[in-house]
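> Fold the following and give me the result.
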Amino acid sequence: MDLDKIGKREITLFGIKMDIYAVSAYFSTFANALCGSIIIFFFAINSPLERTLATRLVVLGASFDAIDGKLARRSNFKFPIGAKLDTYADLVTFGLSPALMLLDMLIPYNTFIGWVTASFYVLTASFRLSRFVISKKSWVFNGMPSPPAAIFIASFYVINNVHPIFVAFSSILVSALMMSSLPFTAMKKIDNPFDLFQFILGILLMLLMTYSPSAWFDTLGKIFAVYIYYFIVIGVPHAQWQMRRQL
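Numbering: from 1, shown residues only. Coordinates of the predicted model:
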């Protein structure tokens, strides 16, 4: 059955009429928020989740975040609170949760470095998300997106014997890039082999970090950390190339 026809079917949820795409978009947004909220809750009761599980939840939240906007854009239903809910969910999963992971990794090494690094990360993630809400939509992102930055931090959370100074440096780097005005590739339109390769590689890594056995996570964390450094290197020139193609 054609998806567009399904999307135009109205259903009533809590007294509000909306279509299938709208319902699916809101479900994805709430699922994203739930992933981050679970991590925060267990930190709040001083019983952090096992590191592999916490990383899985961040990656799973990013997966929900990747589809909620696409579903919302295909919907015939317009509800202004949707964008605000999405920003809240992103702040929880990609802002606060990774910051708590940073505290957990860095405070045993140095309390001052831990608090400064985690605070800088959550402030820049908040700035990045707020700017995204008010900025004009385009084929590229203005600054590094928060989901890959969060998975970057979560990747270090499952790597054995990584030096805390390298974790702090990497966190400050992605924090500065989130706050920057540098264009980053958004992969919103895949129309060439290079973009297709990047898309498949990113999806494959996210699937592995969500469903792989826990014993694999030390290696997967290293691979994803290297992948994000690679994304940092190619993200800006690729975005500039995309912008030139749109002219």
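> From here on, just use CA atoms for contacts and neighbour counts.
Fine.
> Model confidence for residue 22, exactly?
pLDDT for residue 22: 70.
> ok, which stretches of the chain are strands?
Remark: strands assigned in the chain by DSSP state E are 10-13, 16-19, 140-142, 183-185.
> Lowest-scoring secondary structure element of the chain by mean pLDDT?
Among the helical and strand segments of the chain, the one scoring lowest on mean pLDDT, DSSP states H and E is helix 3-7, with a mean of 45.
> looking at the strands of the chain, which one has the lowest mean pLDDT?
In terms of average pLDDT, strand 10-13 trails the rest of the strands of the chain, at a mean of 58.
> quick one, phi/psi of the spatially closest residue to residue 42 that is not a sequence neighbour?
Once flanking residues are discounted, residue 42 sits nearest to residue 48: 5.0 Å by CA to CA, 6 or more residues apart in numbering. Backbone torsions for residue 48, taken as degrees, to the nearest 10, come to phi -50, psi 140.
> contacting residues around residue 49?
Applying CA atoms under 8 Å, 6 or more residues apart in numbering to residue 49 gives the contacts 39, 42, 43.
> Among those, find me the one that's closest to residue 170.
Checking the contacts of residue 49 against residue 170 with CA to CA, the nearest one is residue 39 at 21.5 Å.
> close enough to count as contact, that closest one and residue 99?
No. Residue 39 is beyond contact range of residue 99, at 11.0 Å (criterion: CA atoms under 8 Å).
> which helix of this structure spans the most residues?
If you go by DSSP state H, the chain has its longest helix at helix 217-246.
> what mean pLDDT does it have?
Helix 217-246 shows a mean pLDDT of 83.
> Packing partners of that helix?
strand 140-142, helix 146-157, strand 183-185, helix 193-211 (3 or more CA pairs under 8 Å, 6 or more residues apart in numbering; DSSP states H and E).
> The residue nearest to residue 168 when sequence neighbours are not counted: neighbour count?
Nearest non-adjacent residue to residue 168, counting by CA to CA, 6+ apart: residue 117, 6.1 Å away. For residue 117, the count of nearby residues is 22 (other CA atoms under 10 Å).
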